[in-house]
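Q: model this:
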Amino acid sequence: MRTTDWPSSLTNTELDELDTFLRTAAKEGDLLLDGVHGLLTALIVGPEPAPPDEWLPEVLHAPFADPQQGERVLALLAKLNDSIGAELDVDAYEPILGELDDIEGPTLSAAGWCEGFSRGIDLRAGFWEHRLAEDVELIELLGPIMALAVDEGVLASDAEFEKLSDEEYEACLQRLPEVLLSVARYWHEKAPSEDERRAAHERQPEEARTENKPPRQRDGHSLH
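A: So this is what the prediction gives:
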């Protein structure tokens, strides 16, 4: 749960409100609050920001029946988006994680967050795929995120990996804030050139959209 309330961050009440709306409106495969947080995080720390009219279709899939509710949800999503960079700047970032029911009690899961992060990368796939193929530094920086994503089945791997132990899983979660800051610094210091931007947009695959992503089943509720 949130331990510190920063002015730009959503309160727990606001998070619950947004979580409830997303769960009520969600169909199979749609992102929930943890996934939306991962999606927006990938765009914040990545090579090029995305305007709301680009990422909102990844989150909202039907018109609002109530215009007043629509204005409220859009305001909460905007505040969630704005909070990510602000929290990273003051070392207060916490990923929003899903809570799964387990025979030994509720457990936190990064599956939804990782799914959203991967979809955020998809929105800028032309940049990411080129750099990941050319610069091993970026692969190394993303190591903990990739480990969580492979462990949760969000990313496929040609090699076989043993499931992370509870300690390893927790260690990856603990490293997420520093990893995200390092990735943001990477793209700031190695910003794409104009030629790279042009090429990235030309090779951005049309099929890299959320409707082609396999659905993920998640129970419980999202936390911050």
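Q: find me the pLDDT at residue 2, would you?
A: For residue 2, the pLDDT comes out at 41.
Q: likewise residue 201?
A: pLDDT for residue 201: 86.
Q: what helix or strand is the residue sitting nearest the centre point of the chain on?
A: The geometric centre of the chain, computed from its C-alpha atoms, lies nearest to residue 38 (C-alpha atoms, centre = their mean), at 1.2 Å. Using DSSP states H and E, residue 38 sits in helix 33-45.
Q: what's near enough to touch the nearest residue to residue 111 once chain neighbours are set aside?
A: Using C-beta to C-beta, 6 or more residues apart in numbering and skipping the chain neighbours, the partner closest in space to residue 111 is residue 152 (4.0 Å). Just so you know, the C-beta spots here come from the backbone N, C-alpha and C atoms, and that holds for glycine as well. By C-beta atoms under 8 Å, 6 or more residues apart in numbering, the residues touching residue 152 are 109, 110, 111, 114, 115.
Q: the closest residue to residue 25 other than its chain neighbours and residue 76: what is the separation?
A: Nearest residue to residue 25 in three dimensions, chain neighbours excluded: residue 62, at 6.8 Å (C-beta to C-beta, 6+ apart). Going from residue 62 to residue 76 by C-beta to C-beta, to the nearest Å gives 17 Å.
Q: so the two - more neighbours on which side?
A: Between residue 62 and residue 76, counted using other C-beta atoms under 10 Å, residue 76 has the larger neighbour count: 18 against 7.
Q: how far away is the more buried one from residue 63?
A: Remark: distance between residue 76 and residue 63 (C-beta to C-beta) = 17 Å.
Q: residue 182 too?
A: 39 Å.
Q: who's more crowded, these two?
A: For the pair residue 182 and residue 63, the greater number of neighbours falls to residue 182 (16 against 7), based on other C-beta under 10 Å.
Q: buried sites along the helix or strand containing that one?
A: Assessed by DSSP H and E, residue 182 sits inside helix 166-189. Within helix 166-189, the residues scored as buried using 16 or more other C-beta atoms under 10 Å are 169, 172-173, 175-177, 179-184, 186-187.
Q: could you dump stretch 140-154 to CSV, C-alpha only?
A: Only the C-alpha atoms of stretch 140-154 are listed here, as CSV (Å, rounded to 0.1, in the frame of the first residue of the first chain):
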residue,chain,number,x,y,z
GLU,A,140,21.0,-5.4,-19.0
LEU,A,141,19.2,-2.5,-17.5
LEU,A,142,15.9,-4.2,-18.1
GLY,A,143,17.0,-7.4,-16.5
PRO,A,144,14.8,-7.4,-13.4
ILE,A,145,11.7,-6.4,-15.4
MET,A,146,12.4,-9.1,-18.0
ALA,A,147,12.9,-11.7,-15.2
LEU,A,148,9.6,-10.9,-13.7
ALA,A,149,7.8,-10.8,-17.1
VAL,A,150,9.3,-14.2,-18.1
ASP,A,151,8.5,-15.7,-14.7
GLU,A,152,4.8,-14.5,-15.0
GLY,A,153,4.5,-15.7,-18.6
VAL,A,154,4.1,-12.2,-20.0
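Q: I appreciate the help and will end here.
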